[in-house]
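**Student:** dropping the sequence and predicted coords here.
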Amino acid sequence: MNRNAPLHLTRDERLKAVVDIGDIDHARRSHLATCDRCRDDFERLHGRLERLGRVAATLAPKPKAAFRLPARQAKTHGFFRPVWAIGISALLVAIVIVWPHAFSTVEPQPELARQEDRQLITSIENLVIDALPAPYQGLVAWTDPPNVDVPDISDDVRDWFMPSPSDQDDDEWLS
Amino acid sequence: MNNASLADGPLTVADENSRIAEWVLQAQAGNETAFHRLVDLHQAEIFRMIYYRTRSHMDAEDLTQDVFLRAFRHIRRLASPELFRSWLYRIAINRVRDHHRQNRIKSFIGLVSMDDDNFHETEEMAVAPIASQTLDQQDFWKRVRQLLTQLSRMEREVFLLRFFDQLSIKEIGTAMGKNENTVKTHLYRALHKVKAADDTEGLWEGI
Ligand SMILES: [Zn+2]
């Protein structure tokens, strides 16, 4: 074997270059720029992937109708105007809060309530001490910050049973 | 096409981006015309994106409508107008995921049949090939499907976003809420599998 023969890019390096050419080191990039064989291999692979996308776009159907926002609902007038709706909602909330206190005949049991509170706090503390390992917590907490990835398996498992985040969560991190 | 672009000649990428950002700001202020301009610019690609993942024209129509309706409803919350395209894809990815999940549930209770968890074969593609499709087209979609079924969900998503939807690595990261290195890792793994499938089964022959 000729020891002076140039070392052509390996298959892995070619794939890495297709993903992002900046990810292969400078010397290998220079080789790619000057070696016909490596450049041909790289461009063939890159070209086929681009063609795949282009052919798909050509063969995919087109939407039948342009999207248009639905006509706004006619403004509500009279009794159901928003200001009334807000007022009535506030009144209902106040009634719900006040009602049990105003009409309750059951005497409060402060000592029993305090005991229940203490039990609840103890069980919460136990849960915190005995928390799930981080990857499993990731399963429960859907709204990951943008740069924290949970393992692939979590994505698949999570995808099985949890709905997508709400649109509000979607763009929370874009703020 | 927009009248301004006809009058001023072809737009550079920077011009195009600032024009989109401007429309986003106007849409955030309640301007429906500006929002419809954004729709006109992106509807075809979002429709295609959904079609690649559902292979059903009808589902793609419905889900595309849903994506834009949600986008309009929440556009005020988008703090970075220049990320509009990635944000739109993020909504679309989530809607497609929900669509597949609903189908899995229906499949579980026996309402529809499904042969794959994530890339299911709809009646439209399995039983009755689309009338207007030639045999070559049917063969193309069949081979694409064969390619995609070799990949995990994440690999499939980044592969589609990169080579079918033509998003940059940065845009994919934004759309998926993943960092760029994670996107590259999945893409690299996907390419390995796609290349291997090509070497052994010649799935790309003629493409
Ligand atoms: Zn070489």
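**Tutor:** Ah, there it is.

**Student:** the closest residue to chain A within chain B and B:His74, how far apart?
**Tutor:** Distance from chain A to each residue of chain B (CB to the nearest CB) is smallest for B:Asn94, at 3.5 Å. Backbone N, C-alpha and C define where each C-beta goes, glycine included. Using CB to CB, to the nearest Å, we find B:Asn94 at a distance of 12 Å from B:His74.

**Student:** what pLDDT, on average, does stretch B:30-47 get?
**Tutor:** Per-residue confidence for stretch B:30-47 averages out to 96 on the pLDDT scale.

**Student:** cool, and stretch A:12-19?
**Tutor:** Averaged across stretch A:12-19, pLDDT comes to 96.

**Student:** rewinding a little: so between B:Asn94 and B:His74, which is more surrounded?
**Tutor:** The residue with more neighbours, out of B:Asn94 and B:His74 and counting by other CB atoms under 10 Å in any protein chain shown, is B:Asn94; that gives 20 against 16.

**Student:** how about the secondary structure of A:Leu7?
**Tutor:** A:Leu7 falls in the coil class when you classify it by DSSP: H, G, I helix; E, B strand; the rest coil.

**Student:** what stretches of the chain score poorly on pLDDT?
**Tutor:** I'll assume chain A. Residues of chain A that meet the criterion pLDDT under 70 lie in A:1-5, A:72-88, A:93-110, A:117, A:120-175.

**Student:** let's do chain B instead
**Tutor:** The low-confidence ranges in chain B, as defined by pLDDT under 70, are B:1-9, B:110-133, B:135, B:201-207.

**Student:** 80 - rerun?
**Tutor:** Counting by pLDDT under 80, chain B contains low-confidence residues at B:1-11, B:106-135, B:198-207.

**Student:** pick out the residue of it closest to the ion.
**Tutor:** Closest residue of chain B to the ion, CB to the ion: B:Lys195 (17.8 Å).

**Student:** pull the residues that contact stretch A:57-70.
**Tutor:** Contacts to stretch A:57-70, defined as CB atoms under 8 Å, 6 or more residues apart in numbering or on different chains, come from residues B:32, B:35-36, B:39-40, B:43-44, B:47-48, B:51-52, B:57, B:60-61, B:64-65, B:68-69, B:72, B:130, B:133, B:137, B:140-141, B:164.

**Student:** among these, name the ones in helices.
**Tutor:** Using DSSP state H, the members of the contacts of stretch A:57-70 that fall within helices are B:32, B:35-36, B:39-40, B:43-44, B:47-48, B:51-52, B:57, B:60-61, B:64-65, B:68-69, B:72, B:137, B:140-141.

**Student:** buried ones among those residues?
**Tutor:** Among these, those classed as buried by 16 or more other CB atoms under 10 Å in any protein chain shown are B:35-36, B:39, B:43, B:47-48, B:51-52, B:57, B:60-61, B:64-65, B:68, B:72, B:137, B:140-141.

**Student:** intersect those residues with the contacts of chain A.
**Tutor:** When contact is defined as CB under 8 Å from any CB of the partner chain, those meet chain A at B:35-36, B:39, B:43, B:47-48, B:51-52, B:57, B:60-61, B:64-65, B:68, B:72, B:137, B:140-141.

**Student:** domain ranges for chain B, per the record?
**Tutor:** Following the assignment in automatic domain parsing, chain B carries domains at B:1-109, B:127-207.

**Student:** report the distance from the last one to the chain centre.
**Tutor:** Once both centres are worked out by CA atoms, centre = their mean, to the nearest Å, domain B:127-207 turns out to sit 12 Å from its chain's centre.

**Student:** got it, and the longest one?
**Tutor:** With CA atoms, centre = their mean as the basis, domain B:1-109 stands 10 Å off its chain's centre.

**Student:** quick check, B:Ile91 in contact with B:Leu69.
**Tutor:** No: when contacts are counted by CB atoms under 8 Å, B:Ile91 is not listed as touching B:Leu69 (9.9 Å).

**Student:** top helix in the chain by residue count?
**Tutor:** Let's take chain A. For chain A, the helix that runs over the most residues, judged by DSSP H, is helix A:36-59.

**Student:** you answered for a different chain; I wanted chain B.
**Tutor:** Every helix in chain B considered (DSSP H), the longest is helix B:84-108.

**Student:** re earlier: can I get the domains of chain B in CSV including distance to A:Arg48?
**Tutor:** Listed next are these as CSV, based on distance: least, CB to CB, whole Å:
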stretch, distance to A:Arg48
domain B:1-109, 17
domain B:127-207, 6
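
**Student:** contact partners of stretch B:161-169?
**Tutor:** Residues external to stretch B:161-169 that are found in contact with it (CB under 8 Å, 6+ apart): A:19-20, A:49-50, A:52-53, A:56-57, B:45, B:48-49, B:52, B:85-86, B:89, B:171-172, B:175-176, B:180, B:183-184, B:187.

**Student:** any of those buried? List them.
**Tutor:** With burial judged by 16+ other CB under 10 Å, the buried subset of those is A:19-20, A:49, A:52-53, A:56, B:45, B:48-49, B:52, B:85-86, B:89, B:171-172, B:175-176, B:183-184, B:187.

**Student:** list the contacts of the residue of chain B closest to the ion.
**Tutor:** Contact analysis of B:Lys195 by CB under 8 Å, 6+ apart lists A:11, A:15, A:45.

**Student:** what do you get for B:Asn31?
**Tutor:** Counted by CB under 8 Å, 6+ apart, B:Asn31 has zero contacts.

**Student:** quick check: phi and psi on it?
**Tutor:** B:Asn31 adopts backbone torsions of phi -80, psi 110, taken as degrees, to the nearest 10.

**Student:** distance of it from B:Asp40?
**Tutor:** In this structure, B:Asn31 lies at 14 Å from B:Asp40, with CB to CB as the measure.
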